[in-house]
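> Based on what follows, work out the 3D shape:
(chains A, B, C and D)
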There are 2 protein chains.
Amino acid sequence: MAPAERTRSTGRDRLRDSVLAGDLSFLLARANARALAAANTALAPHGLKARSYSVLALAADEVRPTQRELAEFLHLDPSQVVALIDGLEQRHLVERHADPADRRANVLVATEAGRALFARAQDAVRAVGLDSLASMTPRDHERLAHLLRLLAFPD
Amino acid sequence: MAPAERTRSTGRDRLRDSVLAGDLSFLLARANARALAAANTALAPHGLKARSYSVLALAADEVRPTQRELAEFLHLDPSQVVALIDGLEQRHLVERHADPADRRANVLVATEAGRALFARAQDAVRAVGLDSLASMTPRDHERLAHLLRLLAFPD
DNA sequence: ACGAACCGTTGAGAATGTCAATTATTCAGG
DNA sequence: CCTGAATAATTGACATTCTCAACGGTTCGT
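Numbers count the residues shown, from 1 in each chain, chains lettered A, B, ... in the order given. The predicted structure follows:
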């Protein structure tokens, strides 16, 4: 049996048939790293990163999230949420509103400018997102979203 | 139509039907964050983190990766690979071998102790990994791995 | 033999993650 | 009503990680 004949080709991608490459957590990490890098370059012209984009997205939604809810949802420390919102608020993209139900809490809402910027940023993200997902059928895309939801939100 | 009746339940998880929650990149990020946290706590007793575990895994394999190959494969800066290997080498888990084909390059191989530790760490990772994936059929598990591979390695 | 490109390494500075302490507010129980 | 425990946001300190530029040693094309 000829040894090491299959994937020697260029010298790159040689590690792709290691045991690690079959690990789901590793695939998750690498797929995420790629998506994150793509999103960040797409968002850079708008002065956003993946984090601030996520916060803006939730602010632009009608959900009126609390900072603590943002922290849990985005897997961030509350102090990071403070810094993130500070940055967006200084640019007049979001506002902290006092929560009428709990005066300790702030509720985050997007300004008109914030919603406008989010719409543009969302288009930019979608444009590059399709680059990586173009070879995937809508059916598979939906399947992947479903399976990832199981991992992301284990009830 | 009754407003906001569906997912108000506990107050937690209230953001789950925002537009962001439907975004594939976000699901990827959150699923990865969860898997990473689980892996890190499982690896902590063995003195490893996800990063060092990955490096050790590739060293324990028969692939004899170059540091540059490690950097590209793990989406890391070459300088980070240096620090990672330094840590593992000081614990006599891996060794840098001169690449006979290219004297500039180092090839990474695991020591006997390194392979033994990796085996134990792998068991620990698998044990907690199943916690999140127990509700998934082997069929779906394979499907997910296949779809993630498309994103992780876009040829 | 020469210069360009490449591998590993080092170091610096920015960005991010983690954690404890503080203030203001809510909530449960006496 | 009052008191103490718990919670929301904030601040600050510290560790870890990311990003980048520079450098010596090596390979490769010409």
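
> Return the helix or strand in chain A with minimum mean pLDDT.
The helix or strand of chain A with the lowest confidence, counting by mean pLDDT, DSSP states H and E, is helix A:112-133 at a mean of 91.

> Just the buried positions in that helix, please.
A:114-115, A:117-118, A:121-122, A:124-125, A:128-129, A:132-133 (16 or more other Cβ atoms under 10 Å in any protein chain shown). All C-beta spots, glycine's among them, are computed from the backbone N, C-alpha and C.

> mind checking how far A:Arg68 is from A:Asp99?
Using Cβ to Cβ, to the nearest Å, A:Arg68 is found at 10 Å from A:Asp99.

> between those two, what contacts are shared?
A:Ala105 (Cβ atoms under 8 Å, 6 or more residues apart in numbering or on different chains).

> hmm, back to that, is chain B contacted by the least confident helix or strand of chain A?
Yes: Helix A:112-133 reaches chain B (Cβ under 8 Å from any Cβ of the partner chain) through A:125, A:129, A:132-133.

> hang on, the earlier thing: dump the buried residues of helix A:112-133 to a markdown table, plus distance to DNA strand C.
Listed next are the buried residues of helix A:112-133 as a markdown table, based on distance: Cβ to the nearest atom of the strand, whole Å:
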| residue | distance to DNA strand C |
| --- | --- |
| A:Gly114 | 19 |
| A:Arg115 | 23 |
| A:Leu117 | 18 |
| A:Phe118 | 18 |
| A:Ala121 | 16 |
| A:Gln122 | 19 |
| A:Ala124 | 18 |
| A:Val125 | 16 |
| A:Val128 | 18 |
| A:Gly129 | 20 |
| A:Ser132 | 21 |
| A:Leu133 | 24 |
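
> which one of those residues sits closest to chain B?
A:Ser132 (5.6 Å; Cβ to the nearest Cβ).

> Hmm, B:Asp155 and that closest one touching each other?
No: at 11.5 Å, A:Ser132 does not count as touching B:Asp155 under the criterion of Cβ atoms under 8 Å.

> DNA strand D contacts on chain A?
A:66-68, A:71, A:78-79, A:81-82, A:85-86, A:96, A:99, A:102, A:104-106 (Cβ under 7 Å from any atom of the strand).

> Select from those the one having the most neighbours.
A:Val81 (24 neighbours; other Cβ atoms under 10 Å in any protein chain shown).

> wait, what's in contact with it?
A:55, A:67, A:70-71, A:74.

> The nearest residue to A:Leu88 once chain neighbours are set aside pairs with what?
Leaving out its chain neighbours, the residue that sits closest to A:Leu88 by Cβ to Cβ, 6 or more residues apart in numbering or on different chains is A:Val94, at 4.5 Å. Taking DSSP bridges as the rule, A:Val94 bridges to A:Ala110.

> residues touching A:Val94, list them.
By Cβ under 8 Å, 6+ apart, A:Val94 lies in contact with A:55-56, A:59, A:85, A:88, A:108-111, A:114.

> tell me which of those is nearest to DNA strand C?
Closest approach to DNA strand C among the contacts of A:Val94 (Cβ to the nearest atom of the strand): A:Val55, at 11.9 Å.

> nearest spatial neighbour of the closest one, skipping sequence neighbours?
Nearest one to A:Val55, counting by Cβ to Cβ, 6+ apart, is A:Leu84 at 5.2 Å.

> and the one you found, how many residues sit next to it?
So A:Leu84, with other Cβ under 10 Å, has 23 neighbours.

> Where do the strands of chain A begin and end?
A:94-98, A:106-110 (DSSP state E).

> Next, the angle strand A:94-98 makes with the last one.
To tie it back to what came earlier, the one meant is strand A:106-110. 150 degrees (axes from the mean of the first three to the mean of the last three Cα atoms, to 10 degrees).

> Send me strand A:106-110 as CSV with only the CA atoms.
Below are the C-alpha coordinates for strand A:106-110, written out as CSV (Å, rounded to 0.1, in the frame of the first residue of the first chain):
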residue,chain,number,x,y,z
ASN,A,106,-31.4,50.2,31.1
VAL,A,107,-33.2,49.2,27.9
LEU,A,108,-31.4,49.6,24.6
VAL,A,109,-33.1,51.2,21.6
ALA,A,110,-31.6,52.2,18.3
